[in-house]
Structure formats: C-alpha cells, structure tokens
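In: only geometry, no sequence info:
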Ligand SMILES: Cc1cc2nc3c(=O)[nH]c(=O)nc-3n(C[C@H](O)[C@H](O)[C@H](O)COP(=O)(O)OP(=O)(O)OC[C@H]3O[C@@H](n4cnc5c(N)ncnc54)[C@H](O)[C@@H]3O)c2cc1C
Ligand SMILES: Cc1cc2nc3c(=O)[nH]c(=O)nc-3n(C[C@H](O)[C@H](O)[C@H](O)COP(=O)(O)O)c2cc1C
Ligand code: SF4
C-alpha cells in the first residue's frame, strides 16, 4: 500500500504517509491525559503526530487551545521522546490567531482581523483591525513558541493559515482591505504569513521541516472568496519561500462543513480537488485532509498521485490503531469514523476534552479502558443495537463469558434504518465493524430471540445488560393516527411501508429530515410539518445541521411548514394548525417522525431478582455516543 510507504518532508523521513492531523483537544495541555492520547496514536502506527498550540498573542487567547510555555517544556520533551519510541515523529502546529471567526477578542473585546470587516458570528459586530505593532507582537509570540518547539526537540512545525482564521484573514482580499504593506497585492496580503515563515527559518534553520496548512480555494460563491487560481499562486510562492510541505484544506467558516466534512459528505472531498491541482504546480510534497481515514479513499488519492501524504484527524480518533491494522492486513477491523462530529469537535467547542462516538477511549487512554476483570462473570446482553454490541465487545475483552440476544434477525438496532439513506452509508460501516468484531471475538449471538423475564432467569446470568432501545412515538389523541395511511419513518427507511407519491412527514427533526431526503430521489413529493419554529430543533452539531439544512433547501420536492401543529389525519390529507388558521395538506401517506420513547419493561420486571444495568436509548433516547459510552461504563463497573 502506498499509505505505508516511507516519505520525506524536507529532510524529515517518515515511516509512512499517515499523519495525525492537528486537532484542538482541550485536555491538560501536555500533561498525562494529552500525553497518553498522542502516544496512543504513535503506538498505533502513524508516521507523524501533529499537536496544535496557540501562539498566545495578547490580541486574543481562545481558551480551547493548548498552552506551551517554559513551564511545561519538560512535558513536551517527554512526549517527543515517547512518540519517537514508536518510530513516529512529532510536529507542532502553531496557531497565530483565530481572527474574525472567534465570538470575542481579548485585548479589544471584539474579534480581530486584518481590516474592520463584519465578524463571522455577528455581522453587526465590526472586527478590530490589527495595527502594525500588534502584527509584529503576534509574530514575536509565534517566535517564542517556535524557539520552545526547537528546544523540546519537535521534528516539524506547521503554520495554521487556513479556513478563514487570522492568517487567512490577511491572505484573503475579502477580509483584508488594508492599504499598508500588509494589504493590496497578494504579496502584501501574504506578508504576515511570510514573516511567520521567516521566524521558523531564522530560529530553526531553512532545513527545519516546515508545513503550511492553507485553503487554495474557499469553494464559496461571491466576490473576494479565494478561487483556485489565486490558491495555486500562493502554493508556488510558498514553495519558492522554502516551505517543505503544503497541507491542503478547503472551505472557510461560511461553509465550515467543507473543512470537517460531516456524515452527509460521502463522496471525495473538495480538499482532494484542490490538492490535485496544487500538486501539478509544485514539486514539494502535498498533504491532504478530509475523510482520508477511510483507507480505500486515502489509498486511491495517493495511488492517483493527487497527494503525497494523508492528514487524518477524525479517522485516527475513531481508531488510533488504523495504521497498524493496515500493516497487519486487518483493514476490516478498523473502527470507522462516521462523521457525526458529536464526540470530537462538538465537545471541543463546548470546552470539553475531545473523545469519539465510536471509541470512548479516545481522550481517556488511561482512565476509560477495558482491563481484564478480576473475576469472569456470565454477562447476558439484551439488544443488538450499538449499546448492546459495544457492551458485548467490551465485556468479552474484559474476559467475561458473554451472550447477546437480539429479537430481530439482524444485528444493528436502529442503525440499520439510520444507514439506509444514500448519504449516510458510513453508519453501515459501523454496523459491519461491530458484526465482524463479534464474530472474531467468538461472542455467542442468538438472533430472533426476544428476551422475556422467564427466559432471562432461565439463562441464569450473573448480570444482565439491557440495551433494548426505543419505540417510535405515536400520540394517542390525534384522530386518524391509527389509519392504514399512517406509517413510521423507521418503516419507510426499512422499506417496510407501501408509499404513494405525495407524503406528509410529521416531525422535521433529524429522522424526519433525513427520511425526506431519502425519498425525493425516488420521485416522491414531501411536505415536512414541524411544530417548533425551526426544523432540526434538537441538539445536532452545527456543521451537520448546516449541511443537512442546505441539502433540504436545495431539494425542490420538499416543502416545509414550521410552527405547524398536526390536528388530525384524514384518508387523503392531514389537517395542520398554522398561524392561527388551519390548513389541509393532500397526501397519500402520512409518515410519523415525532420522536422515540424509551422501551425498557424488563428493567422493572427483573429488579431485585438479578443485577441489571440499562444502557442507551432504553434509558432515554439520544444517540450512538451515549449508548456506546454507557455500555463502556457498565462493563467497567462489573
Ligand atoms: C433514522 C435514524 C437516524 C439516526 N441517526 C443517528 C445519527 O446520525 N447519529 C446518532 O448518534 N444517532 C442516530 N440515531 C439514533 C441511534 O440510532 C440510537 O440512539 C441508537 O441506535 C441507540 O442504540 P441502542 O443500542 O440503545 O438501541 P437500538 O439501536 O434501538 O437497539 C435496540 C435493540 O434491542 C432489540 N430489542 C428490543 N427489545 C428486545 C428484547 N426483549 N429482546 C431482544 N432484543 C430486543 C431491538 O430489536 C434492537 O435491535 C438515529 C436514529 C434513527 C431512527
Ligand atoms: C476536534 C477537532 C479539532 C480540530 N482542531 C484543529 C486545529 O486545532 N487546527 C487545525 O488546523 N485543524 C483542526 N481541525 C481540523 C482537522 O485538522 C482536519 O483538517 C479536519 O478534521 C478534516 O480531516 P478529517 O476528515 O480526517 O477529520 C480539527 C478537527 C477536529 C475534528
Ligand atoms: S466523534 Fe464522530 S466524527 Fe468525531 S471522530 Fe468519532 S465518529 Fe468521527
């Protein structure tokens, strides 16, 4: 595999082409938690580990960035040493500033930028334009971190210049309207970035491996956003300046989901489109990010010479052992990132340490791991959704005797319905991963086996884990709700319902919206009815929500009524209440997507008779992350 071939960034030789892309992690800076998190990824086989730090300029100091000072220099030295012990290299990404995308500033209260342009979060808030002294001060803060990096024995530095953050604010004519030497021509707009490059070259030498992360194209309509023509000019300028590798990204905050493509982005990402073009105009290596953690996608990009290295962020959160599994030809055992963004970026944005929906150990490498149990127990798991499946894997790895019962003929639980739409197939990768793990671990599974109190007691387990999920909500007091023309979204996704041409979906949360998008390619006309003032009222990470909303808005076969209450269902229409009036919407079929309710009758029936732990949706319907996390907690507690 090309992914596993050696590669060079300047003089720095990497054992393979897999790099842990920088991810803000919000832990203890470089303390034990962060140390173990990074070392786990070096141990897992990545060739280069990149950790981001803030330059800590007085203009702004976003609390989510790791701090690197003389005080924790010894910790970074130890980290470099321990990463090296696994044959990997260690790089630091230095972030000069966030600029107009931060909701606040430090010195000036408002976000800072190259020019007084509207801030990203509030168009009425005008950014503070940095003075030349403040630019120089920021460069000096960057210098401090560069010197520290060199002292710590760090192998490479990456400059963060992408995505509409501070350096990109200077690079882009849209946000840089200056008339001094930092504005105007591309050379002037690039001056700030070039001064940062000078710092690394002066402090560490011109041979010191230097990477620049930038967006050759923002992929935005509208004047001022960068198009690839200018991006290619920047690439050539960076090569001429002596940068050793270009890390190509795409997008900016206005379409942030391009930078961290969520589950709805299944095809090759725009990062690759840019990287391919950049590669044609430079001879230094090009690294690309954007779902490269899917080995077949990453390998194809390298084979087709669209990039030289893969920057993998979320894929190595989901499975730090991914490179080793490739070396050992165990690709089918790689836990897939599903692009949910809930365990990683959503948490970091809330100033919590990063973790991963499919890998609860991420970020808790020493504290939330499965260890061999002192006493092996007979563990019976009821339910084959993500809660039950991950509990079974964890319990087996802890050395317990495990059996899993599932009432249907398939493992996966609600994930089977969730993975049906063409834009959500990564969910199916997760189901396949679980099924294979169960098989390889030799876990006894009984399908088509509905657990009852009697059958559980007869099995005589030491402990029962209940992961029995939920049922669709169906309000009783709505006339017509039990009619033949009413089905649930889950029935529709599982192809268990006969559909007409015109459908009304009641509930425009995640399930209702995804069901609508799943049906329109089949020629269906959909009306979504939502009681709340907006669609997707539940907590969904902003990027996933933005992309899903834009898909819905683009689809002319979907009509949306918000602030609309279902009153009754008739044979060929639904009646809704909206704007204090009633409206009749003709339809062939009514699809209920009104939420889920926990289903856990066995818990009370077994109470006092056996040790029972309930996990996942049968406690409260939420998401995969909670089910997997609670399963891990349950097994650790045994
Ligand atoms: C369309 C759709 C899309 C979704 N998309 C996402 C998403 O993108 N991200 C996300 O995080 N979450 C998503 N969810 C929610 C997610 O699927 C659930 O939160 C998750 O599946 C809950 O896992 P669980 O194991 O607790 O329950 P379930 O997945 O519901 O599994 C419960 C299992 O228990 C079995 N069972 C029940 N009773 C018994 C019994 N007595 N004996 C034996 N077996 C029994 C059931 O047959 C089922 O297989 C989605 C849900 C839907 C419906
Ligand atoms: C939790 C999280 C934090 C991130 N923080 C940074 C960061 O500090 N610096 C940076 O350049 N990119 C950051 N990124 C972006 C990643 O480096 C990468 O470009 C992006 O996630 C796409 O790659 P992926 O699809 O492999 O995740 C972050 C991504 C995630 C998920
Ligand atoms: S939390 Fe979701 S998006 Fe983030 S790494 Fe894990 S699976 Fe991928």
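Out: Structure's in. What do you need? Given the structure is predicted, the values throughout are model-derived calculations rather than measurements. Numbering: from 1, shown residues only. Ligands and ions are numbered 1, 2, ... in the order given.
In: from here on, contacts and neighbour counts on C-alpha atoms
Out: Fine.
In: looking at residue 499 now. What's its pLDDT?
Out: Predicted confidence (pLDDT) for residue 499: 89.
In: now it: how far from residue 491?
Out: For residue 499, the distance to residue 491 (Cα to Cα, to the nearest Å) stands at 10 Å.
In: how about the single nearest residue of the stretch 201-350 of the chain relative to ligand 1, what does it touch?
Out: Per Cα to the nearest ligand atom, the residue of the stretch 201-350 of the chain with the smallest distance to ligand 1 is residue 340, at 6.2 Å. Contacts here follow Cα atoms under 8 Å, 6 or more residues apart in numbering; on that basis residue 340 touches 262-263, 357, 541, 544.
In: one more time with 10 Å
Out: Neighbour list for residue 340: 261-264, 314, 346, 356-358, 426-427, 540-541, 543-544, 624-625 [criterion: Cα atoms under 10 Å, 6 or more residues apart in numbering].
In: surely residue 108 touches residue 134?
Out: No: under the criterion of Cα atoms under 10 Å, residue 108 makes no contact with residue 134, lying 11.6 Å away.
In: need the overlap of contacts for these two.
Out: Residues touching both residue 108 and residue 134 (Cα under 10 Å, 6+ apart): 58-59.
In: what's the overlap in contacts for residue 499 and residue 491?
Out: In contact with both residue 499 and residue 491: residue 591, using Cα under 10 Å, 6+ apart.
In: ligand 2 contacts on the stretch 251-400 of the chain?
Out: 259-260, 289-293, 312-315, 344-345, 348 (Cα under 6 Å from any ligand atom).
In: quick check: ChimeraX command selecting the buried ones in these.
Out: Buried residues among these (16 or more other Cα atoms under 10 Å), as a ChimeraX selection:
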select :259,260,289,290,291,292,293,312,313,314,315,344,345,348
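In: and of the residues of the stretch 251-400 of the chain next to ligand 2, the nearest to residue 452?
Out: The closest of these to residue 452 turns out to be residue 344 (Cα to Cα; 37.6 Å).
In: next up, the contacts around residue 342.
Out: 348, 354-357, 539-542, 544, 623-625.
In: again, only this time at 8 Å
Out: Each residue near residue 342 by Cα under 8 Å, 6+ apart is listed here: 356-357, 540-541, 625.
In: pLDDT and secondary structure added to those residues, as TSV?
Out: Shown next, in TSV, are the contacts of residue 342 (pLDDT from 0 to 100; DSSP: H, G, I helix; E, B strand; the rest coil):
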residue	pLDDT	secondary structure
356	98	coil
357	98	coil
540	92	coil
541	94	coil
625	98	helix
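In: by neighbour count, which of the residues you listed wins?
Out: When neighbours are taken as other Cα atoms under 10 Å, the top entry among those is residue 356 (27 neighbours).
In: skip the chain neighbours and tell me the closest residue to it.
Out: Excluding its sequence neighbours, the residue lying closest to residue 356 (Cα to Cα, 6 or more residues apart in numbering) is residue 343, at 4.3 Å.
In: how about residue 183: what's its closest non-neighbour residue?
Out: With sequence-adjacent residues excluded and distances taken as Cα to Cα, 6+ apart, residue 183 is closest to residue 189, at 4.9 Å.
In: the one you found contacts residue 179, correct?
Out: No: using Cα atoms under 8 Å, residue 189 is not in contact with residue 179, being 10.2 Å away.
In: more neighbours: which of those two?
Out: Shown here are residue 189 and residue 179; by other Cα under 10 Å, residue 189 has more neighbours (25 against 11).
In: which residues touch the more buried one?
Out: Listed by Cα under 8 Å, 6+ apart, the contact set of residue 189 reads 170-173, 176, 181-183.
In: just residue 155 next, same as before
Out: 12, 89-91, 208-209.
In: 7 Å instead?
Out: 89-91 (Cα atoms under 7 Å, 6 or more residues apart in numbering).
In: what's the closest non-adjacent residue to residue 274?
Out: With Cα to Cα, 6+ apart as the criterion, residue 274 has its nearest non-adjacent residue at 6.4 Å, and that residue is residue 216.
In: could you say which helix or strand holds that neighbour?
Out: Using DSSP states H and E, residue 216 falls within no helix or strand.
In: for the stretch 1-150 of the chain, which residue gets nearest to ligand 1?
Out: Closest contact between the stretch 1-150 of the chain and ligand 1, by Cα to the nearest ligand atom, is at residue 25 (20.6 Å).
In: quick one: low-confidence ranges for this protein?
Out: Applying pLDDT under 70 to the chain flags residues 62.
In: ok, 80 please
Out: Applying pLDDT under 80 to the chain flags the ranges 61-64, 104-107.
In: for ligand 1, what are the nearby residues on it?
Out: Counting by Cα under 6 Å from any ligand atom, the chain sits next to ligand 1 at 382-388, 405-408, 412-415, 417-418, 449-451, 467-470, 490, 511, 616-618, 621-625, 627.
In: okay, the closest residue in space to residue 228 that isn't next to it in sequence and residue 259: tell me how far apart.
Out: Spatial nearest neighbour of residue 228, excluding adjacent residues (Cα to Cα, 6+ apart): residue 217 at 4.8 Å. Per Cα to Cα, residue 217 is found 11 Å from residue 259.
In: can you check residue 588 too?
Out: According to Cα to Cα, residue 588 and residue 259 sit 40 Å apart.
In: what about stretch 370-382, start to end distance?
Out: For stretch 370-382, the first-to-last residue distance is 20 Å (Cα to Cα).
In: show me what from the chain comes close to ligand 3.
Out: Proximity of the chain to ligand 3 (Cα under 6 Å from any ligand atom) is limited to residues 314-315, 317-318, 337-344, 356-358.
In: farthest pair in these?
Out: 315 and 342 (13.8 Å).
In: give the contact list for the residue nearest to residue 219 when sequence neighbours are not counted.
Out: Once flanking residues are discounted, residue 219 sits nearest to residue 251: 5.6 Å by Cα to Cα, 6+ apart. By Cα under 7 Å, 6+ apart, residue 251 lies in contact with 163, 215, 217-219, 258-259.
In: residue 251: what secondary structure?
Out: Per DSSP: H, G, I helix; E, B strand; the rest coil, the local secondary structure of residue 251 is coil.
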